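> Here's a sequence, model it:
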Amino acid sequence: MSIGQWSHEDFIAQVLKFHGHAAPGVIIGGYMVEKARRALPEGILFDAVSETVQCLPDAVQMLTPCTVGNGWLRICNFGIYALSLYDKYTGEGVRVRLDVDKLDRWPHTRIWLLKEKPKSEQEPELLRAEMAEAAMDMLSLSKIQIRPELLRRKGKGAIVRCPLCGEWYPAAFGRICRSCQGDSPYEQGPGLAFQEPRLTAVPVEQAVGQHVLHDMTKIVPQQSKGAVFKAGQNIDVGDICRLQQMGRFRVYTEEAAGDNPDFVHEDAAVRAFAELMPGEGVAPQGEPSEGKINFRAERDGLFEVDRERLAAFNMLPDVMCATRHGMSVVRKGARLAGSRAIPLLLARPVFLKALSLLDGGPLFRVRPMRKARVGTLVTGTEVFQGLIQDRFAPIIRQKAENLGCTVVGERVAPDDAPAIGAALAQLLDLGADLIITTAGLSVDPDDVTRKALLDAGLTDLSFGLPVLPGTMTLLGRIGGAQVLGVPACALFYKTTALDLILPRLLANVPMSRADLALLGHGGLCLECKSCDFPKCTFGR
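The predicted model follows:
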């Protein structure tokens, strides 16, 4: 059969010209494009997706108007030999893949695709013969719908000049170009070039009337540590003796350093960082000192850190930022983070790269925690009948009230789904917007709490956490109320998954399955004889 306007042999000749050699991937790709095109309505304008970077994109570019250059071909490197053609306006289209389950009849194609033999041991002539004979039979086709956001095309936007290398680039990439952000592929060429400032020290006797370039600290062991001279301070005759007593016989001054556009003073650098690092509920504490600035909480809440971007910032040379653990409950005024420029004068390329990274949004913030109206539901026939005393409700009440919540009602229900549902309804009628239910969540067949919650309309169910103690924790919603199911281990252990999850719920932190999976790192309580949570490693 033909491939576009060419026969099989003619197409191989075109592949040789376009690709450099008669690659099997481009040849089978030609048949894939042909199968997809035949399945599309006549006359539509279409775009393409290739699910591998290997060979297949060249077949698309040879046989369709879709190319990488015009933006009509999108390459998603999934490593799967599949492509899609779709209506560029509606997103409706077809996907064609080389189907491994069909390749038992064509062993050479299977060997090539699955790399079952080294390339040197494969037989390319037999492989191409299989494709000429039955390429269409090796393929499977299905209908697809492209996500709406991928149908919208974004323009480049404004074009600006990089202040470091002078190249012009799209402003959307940041305040410096991507090469200078560290993405340059060149060992020599565009990118960051670090320099060391050349500073000249001035004898203290000659420094009178000049201004100190940086803070100068005096340390008295076990007694004090502080800046005796501040950056910008004028040096007078009386300071000569004090400087010499500090061991300073030569000093760096603003006048001697001059105005060097290639470097940024440490205090100016962290002052700029302090404008971009904090998000809502966080503020810098005072002015920079010795190239350092601290951040404190402006309100009570849950401290949240963008750990990936914090790590990216700390990967830059000569700058740093340290924070307390994310997801910590903090009070107004608590110290949260500190940042500093490490050298006295920070190279401007590093400074601009740091600002470009911080342009992506704050590194940390304090999420406010709502003062929930809590309804507590204790399940268990033995508790309902008074055979044993309930000890769950007081524990829940104490933990909720410590976080500013109000307990609007407490109910006890037997191990009976309708009774549990009725108790839930009562708590909701009392205005509870957070239901904390306890017991009946294990794997025992007679534990019916989870089933009762589902019968009552529980949605967004997530059951089971990588946390010890507290694995059998349950999360969900009933109507507008959040639901937190606490396993029986909370009766025995002072600290459990409850202490990790409750603040997150009150701060409305998204908790997808992937988010909850991250709790596994640090999710093992060491069960210390004297518990000092949250100062320990649990949940960190």
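> Could you identify the helix or strand that succeeds the helix or strand where A59 lies?
Here A59, judged by DSSP states H and E, is contained in helix 56-63. As assigned by DSSP H and E, the chain's next helix or strand after helix 56-63 is strand 73-75.
> Need the contact partners of that next one.
The contact list for strand 73-75, computed with CB atoms under 8 Å, 6 or more residues apart in numbering, reads 47-50, 52-53, 57, 60-61, 64, 66-68, 150. Backbone N, C-alpha and C define where each C-beta goes, glycine included.
> Buried ones among these?
Buried members of the contacts of strand 73-75, scored by 16 or more other CB atoms under 10 Å, are D47, A48, V49, S50, T52, P57, V60, Q61, T64, C66.
> quick one: the first one and R299, what's the gap?
In this case it means D47. 48 Å (CB to CB, to the nearest Å).
> Pull the contacting residues for the closest residue to Q145 other than its chain neighbours.
Distances taken as CB to CB, 6 or more residues apart in numbering put G91 closest to Q145, at 5.5 Å, once the chain neighbours are dropped. Counting by CB under 8 Å, 6+ apart, G91 touches Q145, I146, R147, P148, L150, L151.
> quick one, what contacts L377?
Neighbour list for L377: E410, R411, V412, A413, I420, A423, L424, L427, I435, I436, T437, T438 [criterion: CB under 8 Å, 6+ apart].
> Return the item of the contacts of strand 73-75 having minimum pLDDT.
Minimum pLDDT for those is recorded at L150 (86).
> the longest helix in this protein is where?
Using DSSP state H, we find that the single longest helix of the chain is helix 24-39.
> what's the next helix or strand along the chain from that helix in contact with?
Next helix or strand after helix 24-39 toward the C-terminus (DSSP H and E): strand 46-50. By CB under 8 Å, 6+ apart, the residues outside strand 46-50 that reach it are 40, 56-57, 60, 64, 66, 72-76, 82-88, 93, 146.
> Could you identify the helix or strand that succeeds the helix or strand of the chain with the lowest mean pLDDT?
When each helix and strand of the chain is scored by mean pLDDT, DSSP states H and E, helix 381-384 comes last, with a mean of 68. For helix 381-384, the following helix or strand on the C-terminal side (DSSP H and E) is helix 392-402.
> what's that following helix packed up against?
Counting contacts by 3 or more CB pairs under 8 Å, 6 or more residues apart in numbering; DSSP states H and E, helix 392-402 is packed against strand 373-379, strand 406-413, strand 434-438, helix 497-506.
> Adding distance to L484 and mean pLDDT, write those out as JSON lines.
Output for the helices and strands packed on helix 392-402, formatted as JSON lines (distance: least, CB to CB, whole Å; pLDDT from 0 to 100):
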{"stretch": "strand 373-379", "distance to L484": "9", "mean pLDDT": "93"}
{"stretch": "strand 406-413", "distance to L484": "13", "mean pLDDT": "94"}
{"stretch": "strand 434-438", "distance to L484": "5", "mean pLDDT": "92"}
{"stretch": "helix 497-506", "distance to L484": "6", "mean pLDDT": "95"}
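> Out of the ones you listed, which gets nearest to S462?
Smallest distance to S462 across the helices and strands packed on helix 392-402 (CB to CB): 10.2 Å, for helix 497-506.
> how far off strand 373-379 does that closest one point, in degrees?
Helix 497-506 runs at 150 degrees relative to strand 373-379, counting by axes from the mean of the first three to the mean of the last three CA atoms, to 10 degrees.
> can you give me how far the following helix or strand past helix 497-506 is from the chain middle?
Going down the chain from helix 497-506, the next helix or strand is helix 513-517, by DSSP H and E. Relative to the centre of its chain, helix 513-517 is centred 13 Å away, using CA atoms, centre = their mean, to the nearest Å.
> what mean pLDDT would you report for helix 513-517?
On average, helix 513-517 scores 89.
> 44 is where my numbering starts, stick with that
Right, with 44 as the first residue, what we last looked at is helix 556-560.
> Please identify the buried residues of it?
By 16+ other CB under 10 Å, the buried positions in helix 556-560 come out as L559.
> can you check stretch 68-87 too?
Going by neighbour count (16+ other CB under 10 Å), the buried part of stretch 68-87 is 68-80.
> Can you tell me which of these is closest to K261?
Lowest distance from K261 to these (CB to CB) belongs to G68, with 69.9 Å.
> Excluding chain neighbours, what is closest to the closest one?
Among residues not flanking G68 along the chain, C98 sits closest, at 2.8 Å (CB to CB, 6+ apart).
> which residues sit in contact with L169?
Contacts of L169 (CB under 8 Å, 6+ apart): H151.
> Equivalent analysis for C119, please.
Residues in contact with C119 (CB under 8 Å, 6+ apart) are V92, S93, E94.
> Same check on R454?
Neighbour list for R454: G418, T419, L420, V421, A466, Q469, L470 [criterion: CB under 8 Å, 6+ apart].
> go on, L496?
The contact partners of L496, by CB under 8 Å, 6+ apart, come to I463, L467, T480, L517, G519, I521, V526, G528.
> Could you do F506 as well?
F506 sits next to L484, R493, M515, T516, L517, L518, G528 when contact means CB under 8 Å, 6+ apart.
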